[in-house]
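[1] Provided below for reference: sequence and predicted model.
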Amino acid sequence: MELLSHDADQILELTADSLIDASSMSDPMLSDHLKDDIVQGLDCDLKIIDKRLRGPTSDLDIVTISGMGGIGKTTLTKKAYDHLPIRCHFDIFVWVTISQEFRYRNALLEALHCISKKKVIVNAKDDVKMEDNELADLVQKNLKGPRYLVVVDDIWSRDVWDSISQIFPNCNNRSRVLLTTRETKVAMYANTSSPHTMNLLDLDNSWKLLRDKVFGLEHDHPPELEEIGKTIAEKCQGLPLIISVIAGYLSKTVAKTLESWKYVAKTLSEIIANHPNKCLGVLEGFIRTSSGSHESLEEVAKHYLEDLISRNLIMARKKDSMVRVLAIFPDWFGTFPLVITKLFHLRSLQVRCFGNIPESISELLNLQTLICDVISSDMTLPRKIWMMKNLRKLTLALCCDFIWEEISSTFIMLPNLEELKLKRCRAKDDIWRLTDKDIFKSLKLLLLSYPNLKRWEASSDSFPNLKRLILKNCEFLQEIPTDFGEIGTLESIELHDCRTISEDSARNIEQEQKEMGNNILKVYIHSSHNDDLYFLSCLCSGLKLILRDHLMLSSELRTVQFIFCFYILIIC
């Protein structure tokens, strides 16, 4: 059972990391390596979109596609964008990606870049010297005349649509705008006529996607794996991105045998049963009414449910008079949805947003698991988070501009915190110094992924109950604190793609403990340098990425991607 739990953790880590990566890759050119696989079940959707785009309506038509994250909206749009009949139908093609922090000027420059591929930009001058209104006029003038198709991908607010829709002229020549959004309200606001809503994959298409990803389009699969394969596919809830992630795990990590696949199915069942952080559970009593409200508990619950459904954030299996079970899938909010802080009996919450975590999160006094992915250039931790005495598992991802001292001073005040995971978090400083008073009394698991941590000063007393230490891509860390070997509860130290000096310090700790008769502590070193394709993805939600020559040691590195990097300094 312990091994099963470890594998469940592995799958959860893989899924969460892939979702973070996918959410960060809004440009279709950057995310082809993920989205190429998500194609099953889109033929009917493509026919509908094709019919709308090439329809007889002469006026400019806004075609909208809505659905929850990971369901394949951008993939469908890309298929339509590249569809040969559509390529022959339009003269100009423009693709504009709306990021979580909308930049009007960037959208205009993207549009001009696409237009310039098909025609010479008229009245063009140095765009650096042009004001935003001049750029907008230039886009509009160059779209007049030819029949155009403009894709506005991943738009998340009405205000953004109001800003960008002004540049699309109606030339009565059957031009079209194809818009994708997670929020139904935005789709209806852009065009109330026939919004296209994407649905989850059915079992047949889920299995086809899983099968083709694992075995390839031209290869047969062992017949004995079909039944268990469908079971695994069904557990992925019809979300193409999740299916693709699990398929990648099956193809690269798991033997293609009946016994191995049954083990994976059992592991997925264990995740569903024992990892409620993958869904938002709303049971009876989770909703409270405000003082003076004349609405019943059922009416308040209904309002909350409808709000989350309209934003394509939830999948309600049953809609009874009282909401009993509500599943929320990972997605990006413009800001943290404050409506969630009203669910005061909430036990587990996973949310992704742009900006700070609000102070009102501390009102969730019963919360035990919090997974929060935040893109912010100036993230601050809620001062009142220490009030959440029941918090046991905390994951923060994509945070930046904090200081390591905040991690210590804030989280040591959570008496029941057992798991702390910091993923792709970039601090202002590079030293984590824990004093004698900085004690994580209950912490059993600590994970640091892609930190900019260079020096770590701590003693065994800092983590008296730590069992697992996981370090991923700690490219700057010099060594693990030597005193960690004296933590009596420590069972494993895992390093993934870390510096050799860090790996050596872990081995030294293990060797010292063996010499003292401690055979419990194990050190695991993992490296991706054996992959056929080396892929370095530097995800910086903030502002600076400093690349030093030691990052480029591998002569076989083939692909480097910089995402959300606004300032890059290369030092050789």
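    Now that the structure is in, tell me what you want to look at. Residues are numbered from 1 along each chain as shown.
[2] isn't Ser194 right up against Gly55?
    No: counting by C-beta atoms under 8 Å, Ser194 stays clear of Gly55, with 10.4 Å between them. (Glycine included, C-beta is placed from N, CA and C.)
[3] just for the chain, where's the confidence low?
    Applying pLDDT under 70 to the chain picks out residues 1-41, 99-101, 120-128, 269-340, 342-345, 352-356, 374-383, 399-401, 528-572.
[4] kindly report the domain assignment for it.
    Taking automatic domain parsing as the reference, the chain has its domains at 2-20+201-274, 42-197, 403-527, 535-571.
[5] mean neighbour count and distance to Ser362 added to those, as CSV?
    What follows is those, written out as CSV (neighbours: other C-beta atoms under 10 Å; distance: least, C-beta to C-beta, whole Å):
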stretch, mean neighbour count, distance to Ser362
domain 2-20+201-274, 17, 24
domain 42-197, 18, 24
domain 403-527, 17, 11
domain 535-571, 14, 24
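[6] any chance of those in JSON lines, plus distance to Lys389?
    Shown next, in JSON lines, are the domains of the chain (distance: least, C-beta to C-beta, whole Å):
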{"stretch": "domain 2-20+201-274", "distance to Lys389": "22"}
{"stretch": "domain 42-197", "distance to Lys389": "32"}
{"stretch": "domain 403-527", "distance to Lys389": "6"}
{"stretch": "domain 535-571", "distance to Lys389": "30"}
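[7] Leu367: which of those is closest?
    Ranking the domains of the chain by proximity to Leu367 (C-beta to C-beta) places domain 403-527 first, at 10.8 Å.
[8] rewinding a little: which among the domains of the chain is found nearest to Cys372?
    Per C-beta to C-beta, nearest to Cys372 of the domains of the chain: domain 403-527, 10.6 Å.
[9] start to end distance for the closest one?
    End-to-end distance for domain 403-527: 29 Å, by C-alpha to C-alpha, to the nearest Å.
[10] what do you get for stretch 229-247?
    10 Å.
[11] again, but for stretch 453-468
    OK, stretch 453-468 end separation, C-alpha to C-alpha: 19 Å.
[12] check the secondary structure at Val177 for me.
    Secondary structure assignment for Val177 (DSSP: H, G, I helix; E, B strand; the rest coil): strand.
[13] and it, how far from Phe168?
    Distance, Val177 to Phe168, by C-beta to C-beta, to the nearest Å: 6 Å.
[14] quickly list what's touching both of these two.
    Leu60, Val150 (C-beta atoms under 8 Å, 6 or more residues apart in numbering).
[15] would you map the helices across the stretch 1-150 of the chain?
    In the stretch 1-150 of the chain, the helices defined using DSSP state H, counting those that start in this stretch lie at 2-24, 32-35, 43-53, 73-82, 84-89, 104-115, 132-143.
[16] and the contacts of stretch 154-167?
    Residues from elsewhere that reach stretch 154-167 (C-beta under 8 Å, 6+ apart): 26, 62, 73-74, 96-100, 102, 104, 107-108, 111, 136, 139-140, 143, 152, 177, 179-183, 185-186, 189-190, 332-334.
[17] how about stretch 187-201?
    40-41, 45, 48-49, 52, 61-67, 71-73, 76, 158, 161, 165, 179, 181, 184, 209, 237-240, 243, 315.
[18] can you check stretch 402-414 too?
    With C-beta under 8 Å, 6+ apart as the test, stretch 402-414 has contacts from 379-381, 385-386, 388-389, 391, 394, 417, 420, 422, 425, 427-429, 431-435, 437-441, 453.
[19] same thing but 6 Å
    The contact list for stretch 402-414 (C-beta atoms under 6 Å, 6 or more residues apart in numbering) reads Met379, Leu381, Trp386, Leu391, Ala427, Lys428, Asp429, Trp432, Leu434, Asp438, Phe440.
[20] just these now: which is nearest Ile115?
    Distances from Ile115 to the contacts of stretch 402-414, taken by C-beta to C-beta, are shortest for Met379, at 36.7 Å.
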